[in-house]
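Colleague: Give me a 3D structure for the following:
(chains A and B)
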Number of protein chains: 2
Amino acid sequence: MLKVVRASAVLQRPLRTHRVPEILYRASQASFSTSQKHEKSKKSTRESILRKGALPVIAMIGTYGLYKYYQNKRQPSCDFVEAKNVETFTAAQIAEHNSPEKGIWVSYKDGVYDITDFVQQHPGGDKIMLAAGGAIDPFWNLYAVHQTPEVWDILEEYRIGNLSNKDQKSHKNMNDPFANEPYRFPIFRVNSAKPFNAEPPLEVLTESFITPKELFYVRNHLPVPEVDPEKYRLEIVIGPKSVKYSLEDLKRLKWITVTTTIQCAGNRREEMSEFKPVKGLSWGASAIGTAKWSGPRLRDVLLSAGLDPNHPSVRHIQFDGLDCDLTGSCYGASIPSRNALSRDSDVIVALKMNDEDIPRDHGYPVRIIVPGVVGARNVKWTHRIVASSKESDSHWQQKDYKHFNPSTSYETADYTKEPAIQELPVTSAITWPKNNSKIEASEERTIPVTGYAWSGGGRDIIRVDVTSDGGRSWREAELIKNPEKDDSSKAWPWTLWKVDLPVGAGQKVEVACKAVDSAYNQQPETIEPIWNMRGFLSNSWHRIQVELEDDSDED
Amino acid sequence: MLKVVRASAVLQRPLRTHRVPEILYRASQASFSTSQKHEKSKKSTRESILRKGALPVIAMIGTYGLYKYYQNKRQPSCDFVEAKNVETFTAAQIAEHNSPEKGIWVSYKDGVYDITDFVQQHPGGDKIMLAAGGAIDPFWNLYAVHQTPEVWDILEEYRIGNLSNKDQKSHKNMNDPFANEPYRFPIFRVNSAKPFNAEPPLEVLTESFITPKELFYVRNHLPVPEVDPEKYRLEIVIGPKSVKYSLEDLKRLKWITVTTTIQCAGNRREEMSEFKPVKGLSWGASAIGTAKWSGPRLRDVLLSAGLDPNHPSVRHIQFDGLDCDLTGSCYGASIPSRNALSRDSDVIVALKMNDEDIPRDHGYPVRIIVPGVVGARNVKWTHRIVASSKESDSHWQQKDYKHFNPSTSYETADYTKEPAIQELPVTSAITWPKNNSKIEASEERTIPVTGYAWSGGGRDIIRVDVTSDGGRSWREAELIKNPEKDDSSKAWPWTLWKVDLPVGAGQKVEVACKAVDSAYNQQPETIEPIWNMRGFLSNSWHRIQVELEDDSDED
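Modeller: The predicted structure is shown next:
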């Protein structure tokens, strides 16, 4: 066994001595501190990391955000792992080294590494052992926090040789958990490629009441799973009992169709981020869409599986997705059982989106549709539903998708105290004209303005007010409601709107809109009082700047 | 028949030639215009008045408001109708003159008037004929719009003599529809005496989670009816069928108890009015209270009366109160049937408030409790419930308790277009310290701040943020929830809260609070964008000014 490098200086590197949350926090702020001292007990460091929950924090802060940060901070060479004139190993040889006793080897791209002495210092805990004797490429693709020059440097110190050419080739596809993502239309603005997060251009979003599947925003937390419809089963767990449904079984139940808007908690985060930086993907105002969803009521599925809807210990309904990371940790979420079990509940086990099979990006073959509730609880690729006394213990239920006030930081946030976001507040946005565009005013000095408005919880939009003078005067927009009837018991889908807005004599104008829902909640005027570190629920007045075209321009 | 005065100049008075809505609008602005010309056709004037709906408009603007206006504008002598040395008539003699053919006489206080030639010009339409041959005192007490020097002057022109002493005496009690109001504790701040509208001092409002009945705000639209519990019947009307329930019948149904906050749509109107005048009683922040209400579910009452809860034409449930004006026009309201008929509906036919018979001011013997919905739909003294395809056609459902944007005026408002207010938005208020009070800060420079927070629709309060620096930093308050369990399916009652708020070094501080409900709606920062002509739903941040006591004061 050839250990090329084993510099003790490596131990001084901050990565292995920091608590991970702090690393991630600092990474997102500016740069790593190098003043931290190496803690004496490696074991206690590792335990501390595990206690703090490194993985959830990575996911919380957003792998993509960190990746982008490092891309900006320091341009790494793409092929930083240069071939060295050292020994060559095959995958089979590496596979023999998968325990502390035999030594722990891994490969990454064309390099082979003996990390036996490193594993106890791994900030991500003993999950590193999942890669023992194999390639770490998939893990690093999944947890992009590793995609930093600092981490690459550390790894390189443990290099013992090169991976055989043959195995490099065969690893190429295997290594990318995102290798089998579905085709996406190039129209999307991509906020993150892996996992895929993208939204359509705002100016086409409200061209139709129902958003075509090709234009429906995609918010994936993990790679898109590939599901064989023949083998797929939906497992319903009620106490010790478990019942499994094939797609055919689900098709035999009574179906309803519910047209609902789904919105990402981060929709319009970009605006909040412009006011003051936040953590998360930089969504514009198109992380929202409206579709027809069809399938059996969740209530009916649960009852057919034997659930007593009045059982006092059933307080939450949990959903597990098939989208998992390489450690077997999968996406999950839950909703209060009342929302699913009331007799007029419109929560459905959807098999169809806009009358077709649900596209892979949107949860094929089964997505739970929870109208009026944040997208994160509308779990895609659901394969297990658990009637429980507790909420889902998934990271996304417990450590993310919660809301704090503007004075709360990651240091002071108490995630155990705040509820998981369910219903969403009233919002609206201008989809036309485009922000910073030129537009000709009519002879009466008006411009056409269109947009969407929506509120969670089935609250209808009763009014949209639009202003071109900062709120001194308002013009009420004409509301456009769902032209089709369906089985909904409440106002789940958005309201589209249009107005001919007087714009005064000036050449530049700020247009702003605010919606009023049926509980008379209105959008906040500014971002400041609703700002929160995670950039959730950015629903202040939507504002665009428009330049009014001068006829003289055409002379 | 002696007609003392019949000056044709009377016809030039603006009162009879104006359209009533305009009169009322102008009265509230500044003064009557006298430039209007007398319209030629008296009949068409009267019809126009009827079309415009004078009475609803009177009620809408608030009799008390107009009364106060005139009190301020011009101090009338209390006994303006001075005894004149003219003929004396008895009530019996007046009673003989009750038709155009026999002449139309009325009495008012000690005067007798022949108004035969006036009745067609009466701005209130032919309701005046209800007083023909009798005393108009009760009507004028009810419609305080008559309590103006201008109207008194007009009446005096028609005087033909004095009422006999004996009849003056017997009329004294009979004349005041508010003569039999219940006793009220003097602690109330009275916003209108007749009808009675009053609220407790803000600083005692949150001393207990449940508001004692003596401190519960009273919002009456009409005189308080006197109800004989033996004779009382609750009539349920379902299509052509009608079923009547005695109180004993209602006691035999299954009861539930629901603790809910009830709030007046005008709560905190005072603040909105300070920003820019609005129409309506000037409520502080105490037109809100929380009580335990007990009785059968409205759903159960309707089903026991034979209602099919899925009947497609049952869209609204209407409630008629026993509180009526002298024309037999009574208070009424309705709610969407879904709210009453869903299986987990907490809408109840309440017979108990805080475990006792409902006090007269709060609806004895039966009040409909519609949790989460504006007080105006929680109909007091309900004696009839109608399952209908339509909303209540009462003034208060159709022409009041609707919401418009800041740019809408009484001239441009389209009441047919806007929905009737049902669910209320999130709000909160500081109940301690008192506004403009002095308070000593702790050694750590904090002050104790307490208050309430509430949202309609059963949405819980998840957070209250309090600031002493205009929103630059926020302190999260400790939330106090209902300590008792009841049968509620949702979070109907308010959340009380307290916080030790850092106040900085200054001597004067503005404290402000905002609440966040479970749908993440927050209170608007300022009043301007939510201002509306009627002053409804004034829910911006609640702000108080506090002076921090200086220790040196005590030297």
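
Colleague: In this structure residue A:291 contacts residue A:216, no?
Modeller: Yes - taking contacts as Cβ atoms under 8 Å, residue A:291 lies within contact range of residue A:216: 6.3 Å. Where C-beta positions appear, they are placed from N, C-alpha and C, glycine not excepted.

Colleague: Quick check: neighbours shared by those two?
Modeller: residue A:353 (Cβ atoms under 8 Å, 6 or more residues apart in numbering or on different chains).

Colleague: so the residue of the stretch 201-350 of chain A found nearest chain B is in which element?
Modeller: Among all residues of the stretch 201-350 of chain A, residue A:343 sits closest to chain B, at 5.1 Å; criterion: Cβ to the nearest Cβ. Using DSSP states H and E, residue A:343 sits within no helix or strand.

Colleague: repeat for residue A:471
Modeller: Element membership of residue A:471 [criterion: DSSP H and E] is none; it lies in no helix or strand.

Colleague: Now do the contacts for it.
Modeller: Taking Cβ under 8 Å, 6+ apart as the test, what residue A:471 contacts is A:512, A:525, A:541, B:406, B:528-529.

Colleague: Which one of those residues sits in the busiest neighbourhood?
Modeller: Among those, residue A:541 has the most neighbours (other Cβ atoms under 10 Å in any protein chain shown), with 27 neighbours.

Colleague: quick one: contacts for that residue?
Modeller: Counting by Cβ under 8 Å, 6+ apart, residue A:541 makes contact with A:471, A:512-514, A:523-526.

Colleague: Report the separation between it and residue B:349.
Modeller: 42 Å (Cβ to Cβ, to the nearest Å).

Colleague: Out of the contacts of residue A:471, which is nearest to residue B:232?
Modeller: If you rank the contacts of residue A:471 by distance to residue B:232 using Cβ to Cβ, residue B:406 comes first, at 44.2 Å.

Colleague: if I read this right, that closest one contacts residue A:469, doesn't it?
Modeller: No - counting by Cβ under 8 Å, residue A:469 is not a contact partner of residue B:406; they are 11.9 Å apart.

Colleague: on that earlier part again, can I get the contacts of residue A:541 in a markdown table with secondary structure?
Modeller: Putting those into a markdown table (DSSP: H, G, I helix; E, B strand; the rest coil) gives the following:
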| residue | secondary structure |
| --- | --- |
| A:471 | coil |
| A:512 | strand |
| A:513 | strand |
| A:514 | strand |
| A:523 | coil |
| A:524 | coil |
| A:525 | coil |
| A:526 | coil |
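
Colleague: biggest separation within those residues, which pair?
Modeller: Spanning the widest gap among those are A:513 and A:526, at 14.2 Å by Cβ to Cβ.

Colleague: Please say which of these two ends up with more neighbours.
Modeller: Set side by side, residue A:513 and residue A:526 show more neighbours around residue A:513, with 28 against 15, by other Cβ under 10 Å.

Colleague: one step back: wouldn't the residue of the stretch 201-350 of chain A closest to chain B be in contact with residue B:338 here?
Modeller: No - the pair residue A:343 and residue B:338 fails to qualify as a contact (Cβ under 8 Å) at a distance of 11.7 Å.

Colleague: what about the two, which has more around it?
Modeller: Set side by side, residue A:343 and residue B:338 show more neighbours around residue B:338, with 16 against 11, by other Cβ under 10 Å.

Colleague: What's opposite residue A:241 in the beta bridge?
Modeller: When bridges are called by DSSP bridges, residue A:241 pairs up with residue A:238.

Colleague: I'd guessed it sits against residue A:306; true?
Modeller: Yes - shown here, residue A:241 and residue A:306 form a contact pair, counting by Cβ under 8 Å, at 6.4 Å.

Colleague: What is the least confident helix or strand in chain A?
Modeller: Averaged element by element with mean pLDDT, DSSP states H and E, chain A has its least confident helix or strand at helix A:14-17 (a mean of 27).

Colleague: residues from the stretch 401-550 of chain A in reach of chain B?
Modeller: Proximity of the stretch 401-550 of chain A to chain B, by Cβ under 8 Å from any Cβ of the partner chain, involves residues A:403, A:405-408, A:418-419, A:421-426, A:455-457, A:459, A:462-463, A:465, A:471, A:473-476, A:489, A:514, A:516, A:518-522, A:524-526, A:528-530, A:537.

Colleague: just the stretch 201-350 of chain A next, same as before
Modeller: Close to chain B, as judged by Cβ under 8 Å from any Cβ, the stretch 201-350 of chain A has residues A:338, A:342-344.

Colleague: start to end distance for stretch A:360-374?
Modeller: Start-to-end span of stretch A:360-374 (Cα to Cα, to the nearest Å) is 20 Å.

Colleague: oh, I was asking about stretch A:419-432
Modeller: Taking Cα to Cα, stretch A:419-432 runs 36 Å from one end to the other.

Colleague: again with stretch A:332-352
Modeller: Using Cα to Cα, the end-to-end distance of stretch A:332-352 comes to 21 Å.

Colleague: Quick one: mean pLDDT over it.
Modeller: Taken as a whole, stretch A:332-352 carries a mean pLDDT of 96.

Colleague: Kindly report the same for stretch A:178-196.
Modeller: Stretch A:178-196 shows an average pLDDT of 91 in the prediction.

Colleague: how long is it from one end to the other?
Modeller: Stretch A:178-196 has an end-to-end distance of 9 Å (criterion: Cα to Cα).

Colleague: Please spell out which residues along it are buried.
Modeller: Residues of stretch A:178-196 classed as buried by neighbour count (16 or more other Cβ atoms under 10 Å in any protein chain shown): A:178, A:181, A:188, A:191-192, A:194-196.

Colleague: The residue of the stretch 201-350 of chain A closest to chain B - nearest residue in space that isn't next to it in sequence?
Modeller: Counting by Cβ to Cβ, 6 or more residues apart in numbering or on different chains, residue B:343 is the residue found nearest to residue A:343 once chain neighbours are left out, at 5.1 Å.

Colleague: so how far is residue A:109 from that neighbour?
Modeller: For residue B:343 relative to residue A:109 (Cβ to Cβ), the value is 60 Å.

Colleague: contacting residues for residue A:531?
Modeller: Residue A:531 is in contact with A:272, A:275-276, A:278, A:406, counting by Cβ under 8 Å, 6+ apart.

Colleague: Mark which of those residues are buried, thanks.
Modeller: Buried positions within those, assessed by neighbour count (16+ other Cβ under 10 Å), are A:272, A:278, A:406.

Colleague: I'd say the second one and residue A:272 touch.
Modeller: Yes - distance between residue A:278 and residue A:272: 5.6 Å, which falls inside the contact criterion (Cβ under 8 Å).

Colleague: what do those two both touch?
Modeller: With contacts defined as Cβ under 8 Å, 6+ apart, the residues shared by residue A:278 and residue A:272 are A:531-532, A:535.

Colleague: Show me what the residue lying closest to residue A:87 once chain neighbours are set aside is bridged to.
Modeller: The shortest distance from residue A:87 to any residue other than its chain neighbours is 3.8 Å, reached at residue A:161 (Cβ to Cβ, 6+ apart). When bridges are taken as DSSP bridges, the partners of residue A:161 come out as residue A:112.

Colleague: any idea how far residue A:436 is from residue A:161?
Modeller: Counting by Cβ to Cβ, the gap from residue A:161 to residue A:436 is 55 Å.

Colleague: And these two? Which one has more around it.
Modeller: When residue A:161 and residue A:436 are compared on other Cβ under 10 Å, the one with more neighbours turns out to be residue A:161, at 23 against 9.

Colleague: any idea how far chain B is from the more buried one?
Modeller: For residue A:161, the distance to chain B equals 55 Å [Cβ to the nearest Cβ, to the nearest Å].

Colleague: For the stretch 401-550 of chain A, which segments count as strands?
Modeller: A:427-432, A:437-439, A:446-454, A:461-467, A:475-476, A:478-480, A:495-502, A:508-517, A:542-548 (DSSP state E, counting those that start in this stretch).

Colleague: pull the CA atoms of the fourth one into CSV?
Modeller: These are the backbone C-alpha positions of strand A:461-467, laid out as CSV (Å, rounded to 0.1, in the frame of the first residue of the first chain):
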residue,chain,number,x,y,z
ILE,A,461,-58.9,36.5,-4.3
ILE,A,462,-61.6,39.2,-4.1
ARG,A,463,-59.6,42.2,-5.4
VAL,A,464,-56.4,43.1,-7.0
ASP,A,465,-55.4,46.8,-6.7
VAL,A,466,-52.8,48.2,-9.1
THR,A,467,-51.0,51.6,-8.8
